[in-house]
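>>> Need a 3D model of the sequence below.
(4 chains)
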Amino acid sequence: MATISPLADAVADLVADGAEIALEGRPVAAARALLRRGPGSLTLVTLHAGALADQLIGAGCVRRLVFAGADPGLPRFREALLEGRPVPLEIEEYTAAALVARYTAGAAGLPFGTLRGARGTDLPEHDTVSAVRCPFTGEVVTAVAAVRPDVAILHARRADRSGNVQVTGPPGILREAALAARRTLVTVEEIVEELPAEPGIVLPAFVVDRVALVGPATSQGPPADRAGFGRWLDEVRV
Amino acid sequence: MATISPLADAVADLVADGAEIALEGRPVAAARALLRRGPGSLTLVTLHAGALADQLIGAGCVRRLVFAGADPGLPRFREALLEGRPVPLEIEEYTAAALVARYTAGAAGLPFGTLRGARGTDLPEHDTVSAVRCPFTGEVVTAVAAVRPDVAILHARRADRSGNVQVTGPPGILREAALAARRTLVTVEEIVEELPAEPGIVLPAFVVDRVALVGPATSQGPPADRAGFGRWLDEVRV
Amino acid sequence: MSALLTVAAARLLRSDQVCLALPGLPLAAARLARATHAPGLTIVEADGRVDGVLAGLAELHAWLQTGRVDVGVLTAAQVDLLGNLGDTVLGEYDDPTARLAGAGLSAAVAAHARETVVVLPHRLHSFVDRVDFVTAVGFGTGPVDRAALGLPGGGPLAVVTDLGVLRPDPATAELVLTDLHPGVTVEQVRAETGWELEVAEDPVTTAEITAAEHEASRSSA
Amino acid sequence: MSALLTVAAARLLRSDQVCLALPGLPLAAARLARATHAPGLTIVEADGRVDGVLAGLAELHAWLQTGRVDVGVLTAAQVDLLGNLGDTVLGEYDDPTARLAGAGLSAAVAAHARETVVVLPHRLHSFVDRVDFVTAVGFGTGPVDRAALGLPGGGPLAVVTDLGVLRPDPATAELVLTDLHPGVTVEQVRAETGWELEVAEDPVTTAEITAAEHEASRSSA
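Residues are numbered from 1 along each chain as shown, chains lettered A, B, ... in the order given. Got it, this is the predicted structure:
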């Protein structure tokens, strides 16, 4: 059941070295809190690797990135991938459909999910992708292992005092990530007495562990060059 | 893509003798339109068989009922089941979880769905229920065949002129039934220029074939006795 | 006395639980609990409604399958010695004497909820040695059956009726009379039970309905 | 000339279609189509947004897998002779010279949409004989490959660039130059294409941007 707590406390309580964390919905402030705390050897699961994933990779927090797409030209991602700096990075890359199916299976409490995979691409094989035969039609469909992150770190618009969380934009994979994860931290921009009557998408408080109030996302990202990133990271960590 | 048309026309165009139809969201007026038209040998798929299913069974429209629960004491259902009147009724009964998984698989375009079945019950076996082994963990989970009804007949609150449909109460299985079916008819209580900004649950117009405007559900159900039902049905069909 | 059925069931629910309550007596018991001693109780209804949350049925099953439902409150036409629920037919499935509600959500709740509370009026036709049709599994055929079937939940915590409360014996999984509502005798309960009912050594007498419970019952009825 | 890229792509979209458009040039083309000749075009965005509809990603994939997306508009860093898209790496996957966007939705859209329109600027580094990494399948290794792979959609209808339009030859599935934008020569296109580009017998000259298209481009930019 959700409790409302300061972001730094929530991150300290939920994220340990070596954890598998899902990052969805662009939780800018939570990523900043992770950089401050600096856990290591994380497995980072995110449908789309953008600036936040790049920062965590640049800070050396991430050992393995599980993803389905990335902003082109992420500088820290490139360095980690090509030069192993600051730490070597393993990648586990999927189509969005496959990673969505991994989340969906985890959310349903099932060991695997199925999809009509997009055959013919050059994506490397992973031991999380296999096939199953339909016991009714004999068709073979793609099977993917459920993902069950230790922690899902999500961002949404608002919560009520009980910790029911409301998403106002496109829900993306937030609902599935919350259910698939063993623990869930949601950052929100406001905490209200009562959620508006038309509920949009709601995560009930019992699928959320921590809610932390943060300001709206600001865009003071780091500079692209390595030295500049290092100085930015030092400032973040002060 | 959705077109808005009179209910009787929509039913005439979409429902043929022998069709498999899904009935969800309590579409009272559409059931009445079916009674008037009187198609035969339908396979009726409905998570919960209530008064509407009972009327269709009593009118002899239904050859096979696929369901997961029923109001106790439905008089026409009982007659059809125990006495074969007015026509013999086959039943195909599931747990709600299994029938939900059948709809969900159909909605995803997959040939089967999976669930953690509730073993140990006395539910009879169907050739739509089997098992698959997880290729990753070796666990065996229940597999169910996707349901792909010829037509889904649904009721929702409102639509816009393009045929985008908004559901205001609990969505139940409406979204999955619409996607699983080859054609979808949705009855709505109002057609508005623009759907309210907070969208609740929406079926986009491209998953809907027909929208028909009907009044709010009224409850002039038939009497429980067979003779009374026959008179009621005659009146409906006038 | 019938009021004590929902009251005694409500008392078994705790404020920190997520409770899935089927319509009718189960939902009345859950609402009563929340209105009295368990204000924090989360009530999940069979249509996926949770206060303002309107979940689809697929999501509700995901909650069950991921172990997020702490307690299920169920009812049925029949319950047997081993806490199994019969609610599909009376008589044979292919030639029933009565057709009942069917499995619906009950089977999954009985399988997955951490524990269940069963509520139904205590009548001889309902309390049977063996249900005509196992709609939802209690303890199956004995104390190890749930594990053998791979059912993750713990099974029935209690069966609450208008006469008293039955709880499973941990060794045999058989239902034993542990509580009597005020004024009810063991003989009365035995007369309404279709098996040789065992009685706990020192059966508890159910506490009288409090003023607060009475008030909450009236206003939520 | 770059404006003609989105304009010419937009002209391939029809008012009765459901169009899934990736961000950037594809979405600009789809919006332009709707603002001009295709007011009924349904635009599904990559995040599941469809006008007021906010679908989850699982639902968006359900739409794709049930064949409800008529046309996908895609882009990529590379396209090859057989319409395959490369957008994962340049060079070797394990030792790339550049790291690109990855599959994301593209692979599924390329597999399932009834047809696809590919938009990208026509540059020699992008129009390659064989993409470095097949991120999304066009025609694979030849005209029967999609069927062999079990890909339900029809594959690329056209590749639209800032120089002209390429369409697959029905017999070979190889991209052929069919349209030239006004003022562009075949030699110019060949100079920017990394394979021996075939040209249709009578290449069409793209119609000039209309006033309405110009206006719509400006206001949606």
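>>> how about the spatially closest residue to C:P156 that is not a sequence neighbour, what does it touch?
Excluding the flanking residues, the one nearest C:P156 by CB to CB, 6 or more residues apart in numbering or on different chains is C:G83, at 4.0 Å. For every residue, glycine as well, the C-beta is placed using N, CA and C. Neighbour list for C:G83: C:V118, C:G138, C:F139, C:G155, C:P156, C:V159, C:P168, C:A173, C:L175 [criterion: CB atoms under 8 Å, 6 or more residues apart in numbering or on different chains].
>>> Narrow these to those in helices?
Among the contacts of C:G83, no member falls in helices (DSSP state H).
>>> Now flag whichever of those residues is closest to chain D.
Nearest to chain D out of those is C:G155 (CB to the nearest CB; 32.4 Å).
>>> Helices of the chain, start to end?
Picked chain A for this. Under DSSP H, chain A gives helices at A:7-14, A:28-37, A:51-58, A:75-83, A:96-107, A:174-180, A:226-237.
>>> Actually, chain C is the one I wanted.
C:2-10, C:25-35, C:57-65, C:106-112, C:145-149, C:186-191, C:211-220.
>>> Packing partners of the fourth one?
It refers to helix C:106-112. Secondary-structure packing of helix C:106-112 (3 or more CB pairs under 8 Å, 6 or more residues apart in numbering or on different chains; DSSP states H and E): helix B:96-107, helix C:57-65, strand C:71-74.
>>> what do you get for the last one?
If contacts are counted by 3+ CB pairs under 8 Å, 6+ apart, helix C:211-220 sits against helix C:2-10, helix C:25-35.
>>> top strand in chain C by residue count?
Counting by DSSP state E, the longest strand found in chain C is strand C:198-205.
>>> how about the CA coordinates for it, as CSV?
Output in CSV follows, covering the C-alpha atoms of strand C:198-205 (Å, rounded to 0.1, in the frame of the first residue of the first chain):
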residue,chain,number,x,y,z
GLU,C,198,-17.1,-30.8,15.1
VAL,C,199,-17.2,-28.0,17.7
ALA,C,200,-14.1,-26.3,19.1
GLU,C,201,-13.3,-27.0,22.7
ASP,C,202,-14.4,-23.7,23.9
PRO,C,203,-16.6,-22.0,21.3
VAL,C,204,-16.6,-18.2,21.4
THR,C,205,-19.8,-16.3,21.7
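>>> which residues touch that strand?
C:164-165, C:167, C:169, C:174, C:176-182, C:186.
>>> Same question for stretch A:91-102.
The contact list for stretch A:91-102, computed with CB under 8 Å, 6+ apart, reads A:45, A:47, A:64-69, A:81, A:113-118, A:121, A:123-124, A:126, A:128-129, A:142, A:144-147, A:173, A:176, D:57-58, D:61, D:64, D:88, D:102-105, D:107-108.
>>> Of these, keep whichever come out buried.
By neighbour count, with 16 or more other CB atoms under 10 Å in any protein chain shown, the contacts of stretch A:91-102 hold A:45, A:47, A:65-69, A:81, A:113-118, A:121, A:123, A:128-129, A:142, A:144-147, A:173, A:176, D:57-58, D:61, D:64, D:88, D:102-105, D:107-108 as buried.
>>> just to revisit the earlier point, now the contacts of C:G83 as a markdown table including neighbour count, distance to A:V15 and pLDDT?
As requested, the contacts of C:G83 are arranged in a markdown table below (neighbours: other CB atoms under 10 Å in any protein chain shown; distance: CB to CB, whole Å; pLDDT from 0 to 100):
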| residue | neighbour count | distance to A:V15 | pLDDT |
| --- | --- | --- | --- |
| C:V118 | 28 | 41 | 98 |
| C:G138 | 27 | 41 | 98 |
| C:F139 | 24 | 41 | 98 |
| C:G155 | 23 | 36 | 98 |
| C:P156 | 27 | 38 | 98 |
| C:V159 | 27 | 44 | 98 |
| C:P168 | 23 | 41 | 98 |
| C:A173 | 21 | 42 | 98 |
| C:L175 | 27 | 46 | 98 |
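>>> out of those residues, which are inside strands?
Using DSSP E, these in strands are C:V118, C:P156, C:V159, C:P168, C:L175.
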